Structures are given as structure tokens and as C-alpha cells.
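K.L.:
Provide a 3D model corresponding to the input given below.
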Amino acid sequence: MKELKDALLENGYSGEEELQEKEIINEELSFTKLRDKLYSLGDVVFEDQNNHIYIVNIKSNILSNTVTIAIKWKAKKIYLCGYSSKGLIKSNSVQKQFKRIENVIISGSSPNKKSIKKPIVIAICSVIFVLLVIFSIRVITIKVATDDYNNAVNGFNKTVEEYNRIAVKGDIKAVSDLPESMETIELQSTDFLSMIGVSFSNNSGEKIRKDTDTVREITTDNENAIAIVNQLICPKQDFVIQKLKSIDSIKGIEAVTKENNPDELLNKDGGYYGCLYFTINLLDEKTIPGKSIVDKGTDAGGAIELYNSLDDAKKRCEYLASYDGTILTTGSYVLVGTMVIRTSFKLDDNEQYQLTDSIIKAITTI
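P.N.:
Residues are numbered from 1 along each chain as shown. Here you go, the predicted model:
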């Protein structure tokens, strides 16, 4: 398959997308006939007759991502190597196109594809048929489906705009399931000529309805993502306490107060509006100096500091970073939303990571 990967690299493959491979038994199909079959599936963008290699781009519909497949012909076998580019719908795209190619090779059948050239008489008859029959059935059906699709896209785009508006208020890079930003989807034209064009394509009302359902499903996912980000931006202290209590490894929790404010950052300019220190079952808090959990500081487990702005939280991380690699280091720290999550220096790297990860999962649970 190295030969196919090299061909893909020479024709636009970045090396980042995951490559998938497949072998197909070939008993009758010649190299020339294989090319004819590939033209019926998509756009042949590369042909090497000496090495018997083709590269074809296949796109199923308006929402699907483009699949690029390199194909090498041999007398008894055909080798496939492909990847899927970024797109809205991602569900085994490469394997689905592998299956289409295999079906074409084994059965000798080709996907339905409208003729590029038609006699004038047939064209006239087709126009009459479109006006009298397809316009009243297919075009109207597609128009209704496209209007519904556009309504779904409008809803989707509103969630994208809302997500992008609030996502910049906090740092969400540490939350693996949340993108830093989202992109809107273009509306589909519903004018008469566009509908006539769609009616002649492989698209249909049923396909548009399926795409609409997909957009609505992703819209729901976006709404959940918005709810999660809102939880991370200036959360209430009681909310964070409840989330910490849901973590099995955390034993005790104590909030910084005006009377017990060891670093004097509470409600100060640039300081936090809330700070929760906690102990964990991995560390024996009795061996750590201090009468209370707050007195023991992050040494007995860790802390979550709550800030009014992303800038204040970033400055706190910069301050903590100034002690990295010194004897004054207090442990790990990570910025999530407008919170700084800290763990004890007494934990090893893996224990710090596991504790931080469990906290992030807790505070991002809806």
C-alpha cells in the first residue's frame, strides 16, 4: 500500500487524515474498464497507466465529506487506500465508498448517473415532462424539503453564533469534547431554477430530509455544548462544590472566606471571587501542617479558583508558572473556562493528570 500512499501524498494528501485500506478480488475487470467504472462514481483526478494507479474523489451529497481513494489494478486483485476530508457528516465515509467500488467491480453495475448529452428531441420531451410532471411532484417535494432544511440550518447557525460568542469568554482547550469555535452552514437556494437543477441531480426530497435530521441532531449537540461552556464561565461557588462532591477521590472541601483568606486574593482586584480547597484519599492530610483544609492549601489535594474574567485567570496561571521548576512549585494547574484547577505537588504526574481529568469531567457534566 506504500505505492498508493505515495500517490496520495503527491496529489494533496496532507498526511494527517487517517488512511484506510482494502483489497478486492478481481477476476474479469481490465484496467481500462476499471477507469470507466470510476468515472461513474466520482472525479478521476490522477491516472498512472504505467503503474496502473488511479485517484478518484467521491462526494455523496451536499453535507457529506469528500472521500479520496487511490486504486491500484492488478490482474487478480484491486488495492484501495483512501481517506476522508473534513465535512459535516462523518460516519464511516471511506468504508462506504470502498463498498460502492467493490459492488461496481463484483456486479459489473454502475451507480445511476444522468446522461451528459441528450438528443434535442429527448431534451424537449424532458423539459415538457419536468414542467407537467416533475415540477408538480418532484420539484415541489424538493422545495418543501429544502425550506425545512434551511429552517434547520437557521437554528443550527444560531447555536453556532451563540457558542462562538460565549466560548471566547473562557479557555476551553483543556476540554477535549469542546471545539474552540464552530462554523456556520450555508443556506440552500430555493429559487425556481435552483429547484429545477436539484430535481435533475441525484439529490431527492428523502436525502434532503435525512440531511435535515442530521443538522437538527448536531444542533442539539451544539445546545449541549453551549450549556457546558456556560457552566465553565464564572460559575457559582455552590455549583462547583456540588460537582466536587460527586468525585469519589475527593474527601473534604472548604471554601476561602473573608475570615480565612490566606493569600488575600478573595474579592481583590484581579483576584478570585471564590476558591475551594479540597483533600483527597491519596494523601494523608494529617501529615500536612494546618488546622483546616484551607490552611493546608493545595498540598493536601488541590483547589479550584474562580475568576470573574479570562484575563484574570490567565494572569494567575502566569504567576504560578513563574515557580515551575523551582522549590516553590505548588503542583499542577490548568485553566478551564475562567477557573484555575490546581493539584498537589505531592502527587506524581499521572496522579495529577487523573485528578484534574476527573474534575474537568465533573464540571462539564450537564
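
K.L.:
Low-confidence regions, the stretch 151-300 of the chain specifically.
P.N.:
Scanning the stretch 151-300 of the chain for pLDDT under 70 picks out no residues.

K.L.:
again, 90 this time
P.N.:
For the stretch 151-300 of the chain, applying pLDDT under 90 flags the ranges 176-177, 188-206, 261-264, 285-286.

K.L.:
Then the stretch 1-150 of the chain?
P.N.:
The low-confidence ranges in the stretch 1-150 of the chain, as defined by pLDDT under 90, are 1-19, 22-45, 47-52, 57-67, 73-78, 83-144.

K.L.:
Mind jotting down where the helices sit in it?
P.N.:
Assigned by DSSP state H, counting those that start in this stretch, the helices in the stretch 1-150 of the chain fall at 2-9, 31-41, 93-107, 120-129, 140-167.

K.L.:
Columns mean neighbour count and distance to residue 237 on top of these, output as TSV?
P.N.:
For every residue, glycine as well, the C-beta is placed using N, CA and C. TSV is the format used below for the helices of the stretch 1-150 of the chain (neighbours: other CB atoms under 10 Å; distance: least, CB to CB, whole Å):
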stretch	mean neighbour count	distance to residue 237
helix 2-9	16	53
helix 31-41	16	59
helix 93-107	18	45
helix 120-129	11	69
helix 140-167	18	20
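
K.L.:
will you turn these into CSV that also has distance to residue 205?
P.N.:
Rendered in CSV, the data for those read as follows (distance: least, CB to CB, whole Å):
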stretch, distance to residue 205
helix 2-9, 36
helix 31-41, 23
helix 93-107, 21
helix 120-129, 18
helix 140-167, 4
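
K.L.:
Not counting its neighbours along the chain, what's nearest residue 349?
P.N.:
In space, and not counting its chain neighbours, residue 349 is closest to residue 332: 8.0 Å by CB to CB, 6 or more residues apart in numbering.

K.L.:
any idea how far residue 345 is from that neighbour?
P.N.:
Residue 332 is 8 Å from residue 345, where distance means CB to CB, to the nearest Å.

K.L.:
go on, residue 304?
P.N.:
In terms of CB to CB, residue 304 sits 17 Å off from residue 345.

K.L.:
Among those two, which residue is more densely surrounded?
P.N.:
Remark: of residue 304 and residue 345, residue 304 carries more neighbours, 24 against 14, as counted by other CB atoms under 10 Å.

K.L.:
what about that one, helix or strand, and which?
P.N.:
strand 301-306 (DSSP states H and E).
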